[in-house]
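**Q** here is my input, please return the structure:
(chains A and B)
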Amino acid sequence: MSAIPPILELRGVHKRYTVGAGMLARRRTLTAVAGVSLKVDRGEVLGLVGESGCGKSTLARMMLGLEEPSEGEVLLDGRPIGSLGRLERGRLVQPVFQDPYSSLNPRRNVAAIIGLPLAVHGVGTAAERRDAVEEMLGLVGLAPRHAEAFPSQLSGGQRQRVAIARALVLRPTLVVCDEPTSALDVSVQSQILNLLLDLREKLGLSYLFISHNLAVVQMLAGRVAAMYLGRVVEEGVAERVLGHPRHPYTAALLASVLTPDPSLGLPEMRLGTAFPNPLSVPPGCAFHPRCPAVFDRCPREAPALLPCPEGGRAACHLVEQPEGGPPPAGLVQAA
Amino acid sequence: MEPIPAATAIAEVTPVETPPAASLGRRRWSRWLSNPGLVIAALVLAAIALLAIFAPLIAPHDPYAQSLDARILPPAFVDAERADPAYLLGTDNLGRDYLSRLIYGARISLLIGFFTMLVSGTIGTTLGIAAGYFGGRTDTVVSFLITTRLSLPVVMVALAVVAVLGGSLEVVVLVLGLLLWDRFAVVMRSATMQVRGREYVTAARAIGCSVPRILWSEVLPNVVSGLVVIASYEMAQAILLEAALSFLGLGVQPPLPSWGLMVSEAKELMLFEPWMIMLPGMAICVLVLAINLLGDGIRDVTAPEGRS
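**A** Numbering: from 1, shown residues only, chains lettered A, B, ... in the order given. Got it, this is the predicted structure:
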């Protein structure tokens, strides 16, 4: 056990929302996050994958201290996130959002947007802040003349660079990237990813990188966690999880990655037509209605997230079976 | 710092025309000047405001000076034979100079319009932004207040209050200000709800901005275009209401020269001297139109989407 605590640790985090609290509607509980335990060490990049509605973004909001978990703990740098002041928290963790068209205040110019964290935290004099903004512009690959521009005058990629500059100007330890490239053109995506990789080396950052695009995660992440209906179903070193997925859901996610060749058509994921609904989570293993390898135990008993023989952890009854059993039928290996 | 190769590439491929500060300022002016409605409205309003401010210097006569020899003289363009060249727009039934009274009347209308808008705008914007940003119980309370206010008939309540408290300038401003905030609150509430969900507000929270700072510098600037339109509309509305109250004898009291009061005083002679009712009526109409045009123009020019 090292003395340095992980920069981010989640311990059994739950988040529940009450929905339909109208006059006539029945109040129902939506469990967006159901018992997630994860760790991000300093300097590490953890990729968080899963389809829309699986609780990735809710998890991100809790990591940023914008929402409190209903149960469990979020520790930033070894301390509960609720015990940190808003300024202290802001110096430890900063977000980069998906939509660069919505993440920049259209009424402020680039210099004011990047300078806002410095002004709020009272860093330096006005002149020093101007220099810091200019340095930050250089770091994210924008010209000094962009400082006077307004967001509406910039392209999507340039806006995302501004958003990254704003997140990094306080030199946080952890950056929570919530799908930072999915709103961008494919050609711009790789530029932004390269920029994030580059900045990580220069500034010694840790990333929590949320995406539904496995190709993007593969490029950046050292470790990967896959989420399904608010639960982590598989977690481990990126090469292991993406190369030899043990959970059928991770395998299906990998199979869903589009190939550049359109003649191959849409990939077959063998997930059936059941759509995940966080308002009515199936009993037992939440994934069993869609699982190609389902058997009688799955609807009865929820699998625990247990270590796999190959390393990492997976929550699947097939993995728990003693070794020598047949590999799960229908699993699609990554190409 | 070494520039990142990919970064310099994108900077070269899509250069953004960011002109130096001096020409940026000139461009902003040209945006304002290229909106004809805005320019006309601004000129008309500026003229009326100047007349109101410098009324003692501009008005040819004392607006209160009566002259029983010179009662109900028409302006020259109405009846050249009866007109007296000393009274450019004629005189009223007490022989007071109509032009001077119109000029002084602009003071009353502008004062009431501006201060009513200030009072109602402050109340409505505060309530609306609070309801939109905090939601939940705050929103329930504010929505209830708005519904309550909407169930009150403005003219009836204003008449009742003014009848009890007496019709002075201050009372009219206060009563109208306390009655006309609902539109501000409704529009600001829905605009704030939209802005609250934007990621730049989330980013500001993650940075550690205080709530007042978020409301003031992230939310308010992005709902202000709606605010300008409502403010101009409500200012015009207040001017019309003051005219209506004065017409009914419950607004500003004689002998103060208010345009509504002048319409009211002219109504007995409407069939014989129609110009007496038309001149203050036109003044009200022009002022209200100019204010509304100005509001629309400012919104169009300041919308960030329009910046290219």
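
**Q** so where do the helices sit in the chain?
**A** Because you didn't say which chain, this covers chain A. Secondary structure of chain A by DSSP state H: the helices cover A:56-63, A:86-92, A:110-120, A:126-139, A:156-168, A:186-203, A:214-220, A:238-243, A:248-255, A:317-320.

**Q** that's the other chain; I wanted chain B
**A** B:5-13, B:21-33, B:36-53, B:55-58, B:98-134, B:136-150, B:154-165, B:169-179, B:182-196, B:199-207, B:211-213, B:220-247, B:259-266, B:274-302.

**Q** could you dump those helices into CSV with mean neighbour count added?
**A** No exception for glycine: its C-beta is placed from N, CA and C like everyone else's. Shown next, in CSV, are the helices of chain B (neighbours: other C-beta atoms under 10 Å in any protein chain shown):
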stretch, mean neighbour count
helix B:5-13, 15
helix B:21-33, 11
helix B:36-53, 16
helix B:55-58, 12
helix B:98-134, 22
helix B:136-150, 14
helix B:154-165, 15
helix B:169-179, 20
helix B:182-196, 21
helix B:199-207, 23
helix B:211-213, 12
helix B:220-247, 22
helix B:259-266, 24
helix B:274-302, 19
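
**Q** now those as a markdown table including distance to chain A and mean pLDDT?
**A** Supplementary listing: the helices of chain B in a markdown table, determined by distance: least, C-beta to the nearest C-beta, whole Å; pLDDT from 0 to 100:
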| stretch | distance to chain A | mean pLDDT |
| --- | --- | --- |
| helix B:5-13 | 2 | 43 |
| helix B:21-33 | 7 | 64 |
| helix B:36-53 | 20 | 89 |
| helix B:55-58 | 38 | 82 |
| helix B:98-134 | 14 | 91 |
| helix B:136-150 | 11 | 93 |
| helix B:154-165 | 31 | 86 |
| helix B:169-179 | 28 | 89 |
| helix B:182-196 | 9 | 93 |
| helix B:199-207 | 4 | 92 |
| helix B:211-213 | 7 | 92 |
| helix B:220-247 | 4 | 86 |
| helix B:259-266 | 38 | 83 |
| helix B:274-302 | 9 | 86 |
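
**Q** put together JSON lines for these, with distance to A:R159 on each row.
**A** Formatted as JSON lines, these follow (distance: least, C-beta to C-beta, whole Å):
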{"stretch": "helix B:5-13", "distance to A:R159": "12"}
{"stretch": "helix B:21-33", "distance to A:R159": "20"}
{"stretch": "helix B:36-53", "distance to A:R159": "30"}
{"stretch": "helix B:55-58", "distance to A:R159": "52"}
{"stretch": "helix B:98-134", "distance to A:R159": "24"}
{"stretch": "helix B:136-150", "distance to A:R159": "31"}
{"stretch": "helix B:154-165", "distance to A:R159": "45"}
{"stretch": "helix B:169-179", "distance to A:R159": "41"}
{"stretch": "helix B:182-196", "distance to A:R159": "18"}
{"stretch": "helix B:199-207", "distance to A:R159": "11"}
{"stretch": "helix B:211-213", "distance to A:R159": "22"}
{"stretch": "helix B:220-247", "distance to A:R159": "16"}
{"stretch": "helix B:259-266", "distance to A:R159": "51"}
{"stretch": "helix B:274-302", "distance to A:R159": "21"}
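
**Q** one step back: same list, the helices of chain A, but as JSON lines with mean neighbour count and distance to B:R107 please.
**A** Output for the helices of chain A, formatted as JSON lines (neighbours: other C-beta atoms under 10 Å in any protein chain shown; distance: least, C-beta to C-beta, whole Å):
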{"stretch": "helix A:56-63", "mean neighbour count": "23", "distance to B:R107": "54"}
{"stretch": "helix A:86-92", "mean neighbour count": "18", "distance to B:R107": "49"}
{"stretch": "helix A:110-120", "mean neighbour count": "23", "distance to B:R107": "40"}
{"stretch": "helix A:126-139", "mean neighbour count": "17", "distance to B:R107": "43"}
{"stretch": "helix A:156-168", "mean neighbour count": "26", "distance to B:R107": "49"}
{"stretch": "helix A:186-203", "mean neighbour count": "17", "distance to B:R107": "59"}
{"stretch": "helix A:214-220", "mean neighbour count": "20", "distance to B:R107": "66"}
{"stretch": "helix A:238-243", "mean neighbour count": "20", "distance to B:R107": "75"}
{"stretch": "helix A:248-255", "mean neighbour count": "25", "distance to B:R107": "72"}
{"stretch": "helix A:317-320", "mean neighbour count": "20", "distance to B:R107": "84"}
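
**Q** which one of those helices lies nearest to B:L33?
**A** helix A:110-120 (26.2 Å; C-beta to C-beta).

**Q** who touches the closest one?
**A** Contact with helix A:110-120 is made by A:87, A:90, A:94, A:104-105, A:108, A:123-124, A:129-130, A:132-133, A:136-137, A:142, A:146-151, A:154, A:162, A:165-166, A:169-170, B:204, B:207-209, B:213, as judged by C-beta atoms under 8 Å, 6 or more residues apart in numbering or on different chains.
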